[in-house]
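Asker: The sequence and its predicted three-dimensional model are supplied below.
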Amino acid sequence: MGLIPASFIDELMSRTDIVEVINARVPLKKAGREYKACCPFHGEKTPSFTVSPTKQFYHCFGCGAHGTALGFLMDYEHLGFPEAVEELASLAGLEVPRDESPGTDRRPDLYSVLAAAAGHYQAQLKRQPDAVRYLKGRGISGKTAATFGIGYAPDAWDGLLRQFGTDDAATARLAAAGLVIERDQGGFYDRFRGRLMFPIRDARGRVIAFGGRVLGADEPKYLNSPETALFHKGRELYGLYEARQALRQIPRLLVVEGYMDVVGLHEAGIPWAVATLGTATTPEHLERLFRVTEEVVFCFDGDRAGRQAAWRALENALPTLREGRQIRFLFLPEGEDPDSLVRAEGAAAFTARLDDALPLSEYLHDELASRVDMSSIDGRARLAELAKPLLARVPDGVFRALLVGRIARAVGMDEAGYARFVDSAASAAPPRPPPPPARPRSQPPGRTSLVRRAITLVVHFPARAAEARLSPDLAGLDRPGMDLLAALLEDVAQSPNLTTGGLLERWRDHEAWPHLQKLAAAELVTAEDVASRELQDCLDHLEYEEVRNRHEALFEASRTAPLNAGQREELKALTARLARRPVNG
């Protein structure tokens, strides 16, 4: 497993429920012992994507996509293996251990560097009266400032460098963490200077980046950390960790634009606000939000820029919509932001505004209707055309049907006819391609052999396979795939509670992994309660064939030359074994 110990991957897979992981991203429906959905990796209207909670494995019979919970995250969210492990570990409440031997990934060093920088900035805040006055003037208490870890970066070019850049290696870590910038003429300087500092935390509360805000009118008003090995602004949300710490259940999340808005709302008793980090709200942001809550309210200024930002948020939200999820839009009075408004009118009045926020369906209709003349046939036809590509991006289901109905009624069209009109746009859109194989395929062992059948049974029923007995005669058998079968049986014997998904993750770095995944995805008519017996039959057949082949070889050799004493004894023993252990077929 490279930098992450294999034992941790075992524990992570044992604590992960693939149904929960996938259902948070793709709505699943129970179908017997499995779950089904329309495949997220290619366009389809009839569900062919199945998820097995028993095997902890998914497979699409349409495009062939398949894998474990880790593999799904890698393909669906375009994550690397370490990032997918981090995501699953966060859901399971586990800390990812890493091998810190020389030459390995130094990301754990970055966590410690960023934590030390956060402590340094917090200490500096207490020595900066202007910064403290600014926070007090915005109504921020010391308790709230401490909750968010707010600090201050002095207006110096080398404040962090003097504190932590003790040698070239330390300076390199500061640069990798995005805290210092290399000069063109050589040397480094602090990225953040003369700014209030807002630590950005991941799901487990670790500092992964910073946002800095000037106290006066300097530009830029906000400055964020650059993209690093730890920080990807298109996925992170400021204040989400603090919201989850403040509330056990979060019925609603409010998305605002600035750090001070989040902090100010928290101070006012509204601890469920988050902010994007200087970027438009992405589908990744929304998926992260909907893992925590079922209702998201976007809060924007009522000016032109705010309206444009809201429309971008709507467009990015469409592919994430489904029943059970609600998105609404709140536009503030001109000249107000959430922080100033909640201080002016109080938390109760501000919350009442949220209750009256526009549902996405109403905002979609109203915004498009404002662009056309609804009193004319031409204008209503134009509205239908404008809505068509937007509705086509909404996944099939109740929510899409209701949206289609809303627009159809507005333009005076038959709902079924307009639905077909929208479906034509959806079917014309290029389907999302299935994920490519992770590595070149190796030649599968024992293509039509008993060995292949045995390997298939082990992969599908690892817990049952733990009961099987491998004869010593087979352990070193020179037969295609036998080494792989023996290793798999050793794995399941040592870990009898392994699922299919857990077993596959043990073999991710092996050349046989793509083939094992294909075997796991193959349909198998064998019932679980007879899998152990069938596997043992395969092993018994293999043992019988090996005994018979050795017997025939010795018998043929005896016809051309006398056998020595050892060979005669072996032939006698083999003859006895064949006589007492007949095998059909």
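Answerer: Perfect, thanks for sending it. Quantities reported herein were computed from a predicted structural model and do not represent experimental measurements. Numbering: from 1, shown residues only.
Asker: How is this structure divided into domains?
Answerer: Following automatic domain parsing, the chain resolves into domains at 6-92, 107-222, 240-304+316-353, 371-428, 450-580.
Asker: how about R235, secondary structure?
Answerer: Assigned by DSSP: H, G, I helix; E, B strand; the rest coil, the conformation of R235 is coil.
Asker: ok, it - contacts?
Answerer: Contacts for R235 (Cβ atoms under 8 Å, 6 or more residues apart in numbering) come out as T282, E284, H285, R288. From N, CA and C alone the C-beta is placed, and that goes for glycine too.
Asker: In helices only, show me these.
Answerer: Among these, the members falling in helices (DSSP state H) are E284, H285, R288.
Asker: Of these, which is the most crowded?
Answerer: H285 (26 neighbours; other Cβ atoms under 10 Å).
Asker: Let me know the pLDDT of it.
Answerer: Per-residue pLDDT puts H285 at 88.
Asker: please renumber so the chain begins at 16
Answerer: Okay, residue one is now 16; in that scheme the one you just asked about reads as H300.
Asker: For it, list the residues it contacts.
Answerer: G249, R250, L252, V270, T291, N331.
Asker: which stretches of this structure have low pLDDT?
Answerer: Residue ranges of the chain with pLDDT under 70: 16-18, 113-123, 440-463, 486-493, 592, 594-600.
Asker: Repeat the analysis, applying 50 as the threshold.
Answerer: Within the chain, the segments meeting pLDDT under 50 span 16-17, 117-121, 445-463, 597-600.
Asker: Report the central residue of the chain.
Answerer: L88 (4.1 Å; Cα atoms, centre = their mean).
Asker: Checking that one next. Helix, strand or coil?
Answerer: Assignment for L88 (three-state DSSP): helix.
Asker: Setting aside sequence neighbours, what's the nearest residue to it?
Answerer: Of all residues not flanking L88 in the chain, A99 sits nearest, at 4.1 Å (Cβ to Cβ, 6 or more residues apart in numbering).
Asker: Quick one: name whatever helix or strand follows the strand or helix carrying that neighbour.
Answerer: Using DSSP states H and E, A99 sits in helix 96-107. Sequence order places helix 122-140 as the next helix or strand after helix 96-107, per DSSP H and E.
Asker: Can you tell me which of the contacts of R250 is nearest L94?
Answerer: Among the contacts of R250, E299 lies closest to L94 (Cβ to Cβ), at 9.9 Å.
Asker: now the ones in helices among the contacts of R250 in JSON lines, with distance to L379?
Answerer: Output for the ones in helices among the contacts of R250, formatted as JSON lines (distance: Cβ to Cβ, whole Å):
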{"residue": "E299", "distance to L379": "22"}
{"residue": "H300", "distance to L379": "19"}
{"residue": "R303", "distance to L379": "23"}
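Asker: which one of the residues you listed sits closest to I422?
Answerer: Looking across these and measuring by Cβ to Cβ, the closest to I422 is H300, at 25.9 Å.
Asker: Let me know the distance separating that closest one from E585.
Answerer: 70 Å (Cβ to Cβ, to the nearest Å).
Asker: Then V111?
Answerer: Remark: distance between V111 and E585 (Cβ to Cβ) = 53 Å.
Asker: repeat for A546
Answerer: As judged by Cβ to Cβ, A546 and E585 stand 34 Å apart.
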